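Q: I need the structure of the sequence given here:
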Amino acid sequence: MLGDELLYAGSAPYYARGRLPYPPELADTLRDELELELDGTGRLLDVGCGPGSLALVLAPLFAEVVGIDADAAMVAEAEREARRQGVANARWVHLRAEDLPAGLGRFRVVTFAQSFHWMDRERVAASVREMLEPDGALVHVHATTHRGVGGDEGLPAPQPPREEIEALVRSYLGGERRAGRRAVPGGALPSGEDEVLRGAGFRDQRLLDVGGGRIFERSEDDIVASVFSLSSAAPHLFGDRLEEFEADLRALLRRTSPDGRFSERAREIALELWSR
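A: Sure thing, here's the model as predicted:
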């Protein structure tokens, strides 16, 4: 899966719409918790940036943010979203994480958001540590943003039928989880990331939870996008049955909510802060 450009093939147009946004307080939390000057100076490197979802939230804290991604379509989406938001201090590079440092220079902070597990972790961790300023920090963001938490108390509309959606995906793609060109044995992503980062020389790990609890109203199109934003349900995996799958998915959603309205409560975002 390392550097597999098919990992999210076809997902880029759906990702920003399908994922719940990172909480706005995430930037304030990092500014307050990192023992660094996050005052509009310094540089941020976001590794596996996707359509810029995290980098654009953090951009006001830095003089420059650089996002890299192995998927050219994701980089193009990030460029468009930065223009739409009027963020002028962001630069986007089509680049595999394994090809760092790639002449990108030094950074005050490096972030990984839902991306580190797809990489050659030992190689990438060693590279980004050398790219950090001497007192720089690595921020590892753990999140599930394509769906909210369970429990429908206080929600103004039905939750998306996530278990039924997963069963529908399996009926098309089979029971073994797919990711890019390969299957994921047992469906489990790699573990032991703390050990990898410590082995690369990172230290002083701190854990924080941010956000959670906000209620989002979502449309049928948003839920369809959330499914296609997943590596395990990326559009390319369905081949010539993509339209058929989407029709079945929309029919399932309309049975759950005939007016096409859904609600989800956002999960907390878990942050790991590591010192160089």
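
Q: Any stretches of the chain with poor pLDDT?
A: 1-6, 177-191 (pLDDT under 70).

Q: What are the boundaries of the helices in it?
A: 12-18, 25-33, 55-58, 72-85, 121-131, 162-173, 193-199, 220-228, 242-256 (DSSP state H).

Q: of these, which approaches Ala143 most closely?
A: Each of the helices of the chain was scored for nearness to Ala143 using C-beta to C-beta, and the closest is helix 25-33 (9.8 Å). Where you see a C-beta, it was placed from the backbone N, CA and C, and this is true even at glycine.

Q: Now do the buried residues in the closest one.
A: Leu26, Ala27, Thr29, Leu30, Glu33 (16 or more other C-beta atoms under 10 Å).

Q: Arg241 against Tyr172, yeah?
A: Yes - counting by C-beta atoms under 8 Å, Arg241 sits close enough to Tyr172 to count as a contact (6.2 Å).

Q: Who has more neighbours out of these two?
A: Looking at Arg241 and Tyr172 with other C-beta atoms under 10 Å, you find the greater number of neighbours at Tyr172, namely 16 against 12.

Q: unless I'm mixing things up, the more buried one is touching Phe238, no?
A: Yes - in this structure Tyr172 lies within contact range of Phe238 using C-beta under 8 Å: 6.1 Å.

Q: Now the common contact residues for the two.
A: Among the neighbours of Tyr172, those also in contact with Phe238 (C-beta atoms under 8 Å, 6 or more residues apart in numbering) are Phe245.

Q: follow-up on the earlier one: could the helices of the chain be laid out in a markdown table, adding distance to Cys49?
A: Compiled in a markdown table, the helices of the chain are given as follows (distance: least, C-beta to C-beta, whole Å):
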| stretch | distance to Cys49 |
| --- | --- |
| helix 12-18 | 11 |
| helix 25-33 | 15 |
| helix 55-58 | 5 |
| helix 72-85 | 6 |
| helix 121-131 | 13 |
| helix 162-173 | 26 |
| helix 193-199 | 18 |
| helix 220-228 | 18 |
| helix 242-256 | 26 |
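
Q: Mind giving me the packing neighbours of the strand of greatest length in the chain?
A: Ordering each strand of the chain by length in residues (DSSP state E) puts strand 132-142 first. With contacts taken as 3 or more C-beta pairs under 8 Å, 6 or more residues apart in numbering; DSSP states H and E, strand 132-142 sits against strand 107-113, helix 193-199, strand 269-275.

Q: Tell me which of the helices of the chain sits nearest to Val47.
A: Evaluated with C-beta to C-beta, these place helix 121-131 nearest to Val47, the distance being 6.6 Å.

Q: Buried ones in the closest one, by neighbour count?
A: Arg121, Val124, Ala125, Ser127, Val128, Arg129, Met131.

Q: Spatially nearest residue to the last one (excluding sequence neighbours)?
A: What that stands for is Met131. Counting by C-beta to C-beta, 6 or more residues apart in numbering, Met131 lies nearest to Pro101, which is 5.2 Å off, once chain neighbours are set aside.

Q: got a list of what the one you found touches?
A: Residues near Pro101 by C-beta under 8 Å, 6+ apart: Ser127, Glu130, Met131.

Q: Contact partners for Glu133?
A: Contacts of Glu133 by C-beta under 8 Å, 6+ apart are Gly42, Arg106, Phe107, Arg108, Arg276.

Q: One more: Gly211?
A: Listed by C-beta under 8 Å, 6+ apart, the contact set of Gly211 reads Tyr22, Pro23, Glu25, Leu26, Ala266, Glu268, Ile269.

Q: likewise Arg123?
A: Arg123 makes contact with Glu98, according to C-beta under 8 Å, 6+ apart.

Q: Distance of it relative to Leu36?
A: 25 Å (C-beta to C-beta, to the nearest Å).

Q: same question, Gly174
A: 46 Å.

Q: neighbour-wise, which of the two wins?
A: Neighbours were tallied for Gly174 and for Leu36 using other C-beta under 10 Å; the higher tally belongs to Leu36 (18 against 11).

Q: wait, doesn't the more buried one sit right on Val109?
A: Yes - shown here, Leu36 and Val109 form a contact pair, counting by C-beta under 8 Å, at 7.0 Å.
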